[in-house]
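Participant: this is a predicted model, with the sequence first.
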Amino acid sequence: MIRILLAEDDSVMREYLTRALEKSGYAVSPVDRGTAAVPLLESERFDLLLTDIVMPEMDGIQLAQKCAEIAPDTRVMFITGFAAVTLKAGKAMPQARVLSKPFHLRDLVLEIDRMFEVGSASGLN
């Protein structure tokens, strides 16, 4: 099972994504900010860091850079509603994927499946 560390400061979006990703067969550990994600990265193994870019205390780009130091095998996907930070994220972490809000949940699951070359096991439409 693919393990996802989800860092999203918007509680409604975080809860929605957690439920939807778990329904799609992923194990999800949600946190409300980047600084809460770092101790988990240090103590557990995750396949994917799924992070919002704009967050208080530590933004998603800083979190992804910290993740690269702590757990270099963990893949990174950014989710953002801001076009300008999409460019910044691409420059800072060129190997990461970026998904712009608003997105359909099906697109998120397809993107994650593509990252891990998983067949479409989810029934989301």
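Facilitator: Ah, there it is. Residues are numbered from 1 along each chain as shown.
Participant: what's the neighbour count on Ile79?
Facilitator: Using other Cβ atoms under 10 Å, Ile79 has 22 neighbouring residues. To be clear about C-beta, it is placed using only N, CA and C from the backbone, and glycine gets the same treatment.
Participant: so it touches Glu8, yeah?
Facilitator: Yes - with contact defined as Cβ atoms under 8 Å, Ile79 counts as touching Glu8 (7.4 Å).
Participant: what do the two both touch?
Facilitator: Applying Cβ atoms under 8 Å, 6 or more residues apart in numbering, one finds that Ile79 and Glu8 are jointly contacted by 50-52.
Participant: contacts for the longest helix along the chain, please.
Facilitator: Criterion DSSP state H: the longest helix present in the chain is helix 11-23. For helix 11-23, the surrounding residues in contact (Cβ under 8 Å, 6+ apart) are 4, 6, 8, 28, 30, 32, 50, 52, 105, 108-109, 112, 122, 124.
Participant: now these: which count as buried?
Facilitator: Applying a neighbour-count criterion of 16 or more other Cβ atoms under 10 Å, the buried members of the contacts of helix 11-23 are 4, 6, 8, 28, 30, 32, 50, 52, 105, 108-109, 112, 122.
Participant: relative to Met93, which of those residues is nearest.
Facilitator: For the buried ones among the contacts of helix 11-23, the closest approach to Met93 (Cβ to Cβ) belongs to Leu50, at 13.1 Å.
Participant: give me the mean pLDDT for the host helix or strand of that closest one.
Facilitator: Using DSSP states H and E, Leu50 falls within strand 48-52. Average pLDDT, strand 48-52: 97.
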